[in-house]
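Engineer: Quick one, what's the 3D model for this:
(one chain, ligands or ions: 1)
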Amino acid sequence: MHPTLDATTALPLSDLPPLVQQVIAPALAGCAMPVALYDAQDMLRYANTAFDAIYLGGHPLPLSFADVLRHSWRQGLGSFIDCGDIEDFLADILPRRRSAPLRQLTTDLRDGRWLQFTEMLLPGDWLLTIGSDITALKRQELDIRQAHSCALHEARTDALTGVANRRHILEAAEQALAARPACGGPCLSIALIDLDHFKRINDRYGHPIGDAVLQHFCQQAQQHLRSVDTLGRYGGEEFLVLLPGADAAAAQTIIARLHRMRANRDAALPAITLSAGIAQASSGETLGQLLQRADQALYTAKTAGRGTTVVAPSVPTEIVNTL
Ligand SMILES: Nc1nc2c(ncn2[C@@H]2O[C@H](COP(=O)(O)OP(=O)(O)OP(=O)(O)O)[C@@H](O)[C@H]2O)c(=O)[nH]1
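Structural biologist: Next comes the predicted model:
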């Protein structure tokens, strides 16, 4: 009778393939990297101490691969299962098991660590699994990803109001226009909004109150726009709203909600009104042309006395093409 490999090995050494018996198992028995060996029927026949601690918690062998995962899941050990259902998880991964002579898999453990497993098919259909701890690498990757998304967010966001900045809202508008088919397709409208007599707010109450009014306007406006709409700061007290799927009439209804926001205003802040110019994109129209029409409509709203919305007349395609 041969000695067992370590505390978790339930089978005699002679039962394992010679390569494992003579080289792999003795070298890896006390190794910090988890090592496991499955036979041709996918029964776990050998696990070193590190693998036992992660998946078995002292459970005796043999155990099928699926039962290793079921057992570890029940015991709060092993891999984290995103879908939360061990049987669904097994149904997803089992068809790919043993699908190549050498495979690498990454898994996050319920204790927060990350492992990369290398699975190697051996003669006689045995499968050797060796894991290495890649937690530090994963944390670094996560930090880099978070730093990147923070940098991206900052590059796209207006620092005062938290809405899209001018560059980002214009990029979004370009993309929305480019995504439209050459003719037909869903509508797209834009609204240029300017807060009325804003200079007076600054002059009378001071710049910090002016800033607070801008912030409050953006907060409120975002609550009153649809989730598909995008609000961006176009200039000082001027804002651009993208209204996908909205024709001019629908856009007017949505912008009317912003006019009514005065009713919910923060009593600590001075009241404001706004003027808006709406333009519905015509087929083939460039962003420059669309903005020009919205700006013209805004100008008309301003000269008409402010506190109102003007819709730019629609442009027939043949005229757009000559603009
Ligand atoms: N507090 C504050 N004021 C700003 C900011 N950006 C622009 N402004 C002010 O917004 C005011 C815009 O003034 P005008 O262009 O004369 O327009 P208005 O007073 O709003 O008048 P109309 O647009 O004609 O209704 C200026 O006084 C700017 O200083 C900002 O970030 N914070």
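
Engineer: Near the ligand, which residues of the stretch 201-323 of the chain are found?
Structural biologist: Selection of the stretch 201-323 of the chain residues close to the ligand by Cβ under 6 Å from any ligand atom yields N202, H207, G210, D211, L214, G236, E237, K302, R306. (Each C-beta comes from the backbone N, C-alpha and C, glycine too.)

Engineer: which of these lies closest to G185?
Structural biologist: Of all those, G185 sits closest to K302, with 31.9 Å by Cβ to Cβ.

Engineer: which SS state does that closest one fall under?
Structural biologist: helix (DSSP: H, G, I helix; E, B strand; the rest coil).

Engineer: Give me the distance between it and A136.
Structural biologist: 59 Å (Cβ to Cβ, to the nearest Å).

Engineer: Compare the two (neighbour count), which wins?
Structural biologist: Between K302 and A136, K302 has the larger neighbour count (other Cβ atoms under 10 Å), namely 17 against 10.

Engineer: my guess is the more buried one contacts D194, does it?
Structural biologist: Yes: counting by Cβ atoms under 8 Å, K302 does reach D194; the two are 7.0 Å apart.

Engineer: Give me the below-cutoff pLDDT ranges for the stretch 201-323 of the chain.
Structural biologist: Across the stretch 201-323 of the chain, the ranges flagged by pLDDT under 70 are 262-265, 316-323.

Engineer: Find residues that contact each of K302 and D194.
Structural biologist: S275 (Cβ atoms under 8 Å, 6 or more residues apart in numbering).

Engineer: Let me see the backbone angles for the nearest residue to T157 once chain neighbours are set aside.
Structural biologist: Of all residues not flanking T157 in the chain, N165 sits nearest, at 6.0 Å (Cβ to Cβ, 6 or more residues apart in numbering). Backbone torsions of N165, given as degrees, to the nearest 10, read phi -80, psi 180.

Engineer: Please look at N165 and D158 and confirm they touch.
Structural biologist: Yes: the pair N165 / D158 is scored as a contact, 4.3 Å apart, by Cβ under 8 Å.

Engineer: Domain-wise, how is this structure divided?
Structural biologist: With domains defined by automatic domain parsing, the chain comprises 13-138, 159-320.

Engineer: Counting neighbours, what do you get for Y205?
Structural biologist: Residues lying near Y205 (other Cβ under 10 Å) number 14.

Engineer: could you measure the residue lying closest to it once chain neighbours are set aside against A276, distance?
Structural biologist: Of all residues not flanking Y205 in the chain, P270 sits nearest, at 5.8 Å (Cβ to Cβ, 6+ apart). To A276, P270 is 20 Å away according to Cβ to Cβ.

Engineer: same question, V35
Structural biologist: The gap separating V35 from A276 is 68 Å, by Cβ to Cβ.

Engineer: between the two, who's got more neighbours?
Structural biologist: Neighbours were counted for V35 and for A276 using other Cβ under 10 Å; A276 has more, 26 against 22.

Engineer: ok, how many other residues are close to L195?
Structural biologist: L195 has 20 neighbours, counted by other Cβ under 10 Å.

Engineer: okay but it is in contact with I272, surely?
Structural biologist: Yes: look at L195 against I272 with Cβ under 8 Å: they come within range, at 5.2 Å.

Engineer: what touches both of these two?
Structural biologist: In contact with both L195 and I272: I201, V213, F217, using Cβ under 8 Å, 6+ apart.

Engineer: Tell me which strands the helix or strand harbouring D108 pairs with, and in which orientation.
Structural biologist: Secondary-structure assignment from DSSP states H and E places D108 in strand 102-108. Sheet pairing here is set by DSSP bridges, and for strand 102-108 it gives strand 114-121 (antiparallel).

Engineer: Alpha carbons of the partner strand, in CSV - could you do that?
Structural biologist: The C-alpha trace of strand 114-121 is given here as CSV (Å, rounded to 0.1, in the frame of the first residue of the first chain):
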residue,chain,number,x,y,z
TRP,A,114,-8.9,35.6,-8.5
LEU,A,115,-7.4,32.4,-9.9
GLN,A,116,-6.3,31.4,-13.4
PHE,A,117,-6.6,27.7,-13.9
THR,A,118,-4.7,25.8,-16.6
GLU,A,119,-6.4,22.6,-17.6
MET,A,120,-4.3,20.0,-19.3
LEU,A,121,-5.6,16.7,-20.8
